[in-house]
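J.: dropping the sequence and predicted coords here.
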Amino acid sequence: MKPTNTNLYSAEAVRQLDAIAINQFNIPGYELMQRAAAVVFKHLQNTWPLAKQILVCCGAGNNAGDGYVIAKLAMQAGLTVNVISLVKPDKLQGDAKLAWQDWHSLGHQLVEYSEERLQQSDIIIDALLGTGLQRDVEGQWADLIEAINDSDRPVIAVDIPSGLCADTGRVAAHAIVATTTISFIGLKKGLFTHLGVEHCGELIFDDLALPEGVYARQPAQAKLLDWSKLQSAIKPRKASAHKHQFGHVLILGGDLGMPGAVRLVAEAALRAGAGMVTVVSHHQHAAVLLAGRPEIMLSPTVDGHVSGSVLAAADALIVGPGLTDSRWSQNLLSAALECRAPKVMDAGALRLLSAEAINRDDWVLTPHAGEAAALLGETSAVIQASRFASVELLQQKYGGHIVLKGAGSLVQSPDELTHLCPYGNPGMASAGMGDVLSGVIAGFIAQGYELALASRLGVCIHAIAGDQAAADGQTGLLASDLFPFIRELVNTEKDKSR
C-alpha cells in the first residue's frame, strides 16, 4: 500500500476515533458498521466478480457485526452465503447484536463449520477477531484460522487479520494470512511492521467518510513516510556547484579481510550526492576498494588509529561496517567518538557500543533486530514483538536518531512521532543492504541535511530503490543492484529540466 493517509494509530486510539464519531459527531455506530460492510462487499464484487459462494466467519464484537452485514449484502445480491460463528449470537452486544438480528430476521441461519463448506467457497470473509485481541489464539479459534490458511481460497480480512496484534504486528500464536485486508477509520501500526506485512496481503484503507474534525480530536501515534511528499526536501544543485559544497564522508571500517562492507558504504554515499568519500581501512584492501570505483579515496591504517587531520576533514562519519572485536576495530571506534562530525553508527560499531551505553545527540544508529537486542539487553524476539516500543527505548538510552531496520523500518528522532517506511521488499534481506543504507544516510548528512531528515530520506530512498531493483525478481537481489536507482531517486529535478 502506498501512503494516502500517513497517520498511524494504536488500537485504543482507533477506538477513540470511533467513539468521537459516534458521541461527538452523532454518527450511529451501526451506520459505521454498514459503511464498512459496504466497502468490503464492493471490493469483493469488483475483485472477484465471478464469485458465487461466500463463507463468512464471525466471532464476537463489532468485527463479527461487520461480518453479518456483509453476509446480508451478499445474500441480497443473490450470492450463496454460509455464515459460521464461534460465538453464540446471544453473547453479542450493541451494534454487533443488532447486525446479527437484522441478518437473522431475514430468515437466515448459522451453519456448522465443515471442511467441505470451506472448499466449496469462492471467497472467505474473516470477521473473527478484531483489534481488541488481548491473548494468544487457541482452541477452536486456532483450528479454524489454520484451516482457512491451509485452504487455497482468497481471504478478505475485515479491519485486521484475525490473530494479528494491531499495535505491534505480532502474531498471537495463530493469525489469518489474508489476500486482502480492508482497514477502517484509522490505520493500525501493526499492519505495517514485523509479521503484519506477511499477514495483511493487499492493504486497503477507508475512513468511512468520517469528518476531518474527528481526526483533529485524536492525535496519531506514528506516521508513514511518504516519498511523494518527502522528495521535495531534496535540494536542487546550483549551476556554480563544486564538490566541497556537498560534503566529505569519512568511513571507518573494514577489519582485515573484510573490505566489502566499506566498499558498498562508500559508493552509496557517493550515489546519494556526497562530494567526496574517504575510507579508513587496512592498506591490503586498496585493490578491492579502488579498482572498481577509483573515485573512492583510501587512508590506510595499520593499528586502527586515525590522524587528527583526517578526522577534521569529515563532514559526516560512518563507523562500523566490517568491524570486529579486535583492538584495531576498537581503536577505530574510539577515533570516531572523538570526531566532531555527525555520525552514522552501524554493524560492528553497534556491537561494541552495547558493552557501554553512551548517550549523545550527534549520531544516527542503524541497528537490525539482533543489534537492537544487544543494545537493549533483550532478545531479537522481544525486539520484533515490540518494535515501536524498542525504537523509542533505543532513542531514550542512546540519544540521537534511531533507524530500526527490518520489515517496516522505523525512524525515531527526539521529541517526534515514530516514522515507518512502507516501502521495501523481502529481496532486500541480503548481505550488504544495511551498508548501502548507512552510506545513503551519511551522504545526506554530509550535504548539510539535518540528521532527522537525512535518516528519513535515506530509509525511504533505500527501500524504494530496492523495490525498483526487484522489478525482475526479488530472489538474488544484490545490495549493489540499488546504486543506479538511488542515483535516479536523488535527482528529483531531472524530469523538470527536460
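T.: Structure received. Residues are numbered from 1 along each chain as shown.
J.: tell me the domain ranges of the chain?
T.: Following automatic domain parsing, one gets these domains for the chain: 7-222, 228-490.
J.: got these as a markdown table, with mean pLDDT and mean neighbour count columns?
T.: (Each C-beta comes from the backbone N, C-alpha and C, glycine too.) As requested, these are arranged in a markdown table below (pLDDT from 0 to 100; neighbours: other Cβ atoms under 10 Å):
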| stretch | mean pLDDT | mean neighbour count |
| --- | --- | --- |
| domain 7-222 | 97 | 19 |
| domain 228-490 | 96 | 20 |
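J.: where along the stretch 1-150 of the chain do the helices fall?
T.: 11-23, 29-47, 61-76, 94-104, 115-120, 139-150 (DSSP state H, counting those that start in this stretch).
J.: quick one: list the elements packing against the fourth one.
T.: With contacts defined as 3 or more Cβ pairs under 8 Å, 6 or more residues apart in numbering; DSSP states H and E, the packing partners of helix 94-104 are helix 29-47, helix 61-76.
J.: which one of those lies closest to Asp315?
T.: The closest of the helices and strands packed on helix 94-104 to Asp315 is helix 29-47. By Cβ to Cβ, the value is 50.0 Å.
J.: so what touches that closest one?
T.: When contacts are defined by Cβ atoms under 8 Å, 6 or more residues apart in numbering, helix 29-47 is touched by residues 18, 21-22, 51, 54, 62, 65-66, 69-70, 72-74, 77, 94-96, 98-99, 123, 125, 156, 158-159, 180, 182, 184-185, 204, 206, 208-209.
J.: now the angle between helix 11-23 and that helix, please.
T.: Note on geometry: by axes from the mean of the first three to the mean of the last three Cα atoms, to 10 degrees, helix 29-47 and helix 11-23 are set 110 degrees apart in direction.
J.: hey, C-alpha coordinates of helix 29-47 in CSV?
T.: Output in CSV follows, covering the C-alpha atoms of helix 29-47 (Å, rounded to 0.1, in the frame of the first residue of the first chain):
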residue,chain,number,x,y,z
GLY,A,29,-22.3,3.0,15.4
TYR,A,30,-24.5,0.8,13.3
GLU,A,31,-24.2,3.3,10.4
LEU,A,32,-20.4,3.0,10.6
MET,A,33,-20.7,-0.8,10.6
GLN,A,34,-22.9,-0.7,7.5
ARG,A,35,-20.5,1.6,5.7
ALA,A,36,-17.6,-0.7,6.5
ALA,A,37,-19.6,-3.8,5.2
ALA,A,38,-20.5,-1.9,2.0
VAL,A,39,-16.8,-1.2,1.4
VAL,A,40,-15.9,-4.8,1.8
PHE,A,41,-18.7,-6.1,-0.3
LYS,A,42,-17.9,-3.6,-3.1
HIS,A,43,-14.3,-4.8,-3.1
LEU,A,44,-15.4,-8.4,-3.3
GLN,A,45,-17.6,-7.7,-6.3
ASN,A,46,-15.0,-5.7,-8.1
THR,A,47,-12.1,-8.1,-7.5
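J.: any idea how far it is from the chain center?
T.: 27 Å (Cα atoms, centre = their mean, to the nearest Å).
J.: do the same with stretch 456-466
T.: Counting by Cα atoms, centre = their mean, stretch 456-466 comes out at 12 Å from the chain centroid.
J.: hmm, who's touching it?
T.: Contacts for stretch 456-466 (Cβ under 8 Å, 6+ apart): 225, 227, 230, 233-234, 272, 403, 409, 411, 419, 421, 423-425, 427-428, 433, 436-437, 440-441, 443-444, 449, 477, 482, 485-486, 489-490.
J.: rerun that using 6 Å as the cut-off
T.: Applying Cβ atoms under 6 Å, 6 or more residues apart in numbering, the external contacts of stretch 456-466 come out as 225, 227, 230, 403, 409, 411, 419, 421, 423-425, 428, 437, 440-441, 444, 482, 485-486, 489.
J.: try stretch 80-99
T.: 29-30, 33, 52-62, 64-65, 68-69, 71, 74-75, 100, 110-111, 113, 117, 140.
J.: recalculate using a threshold of 7 Å.
T.: Residues outside stretch 80-99 that contact it (Cβ atoms under 7 Å, 6 or more residues apart in numbering) are 29-30, 33, 52-62, 64-65, 68-69, 71, 74-75, 100, 108, 110-111, 113, 117, 128, 140-141, 144.
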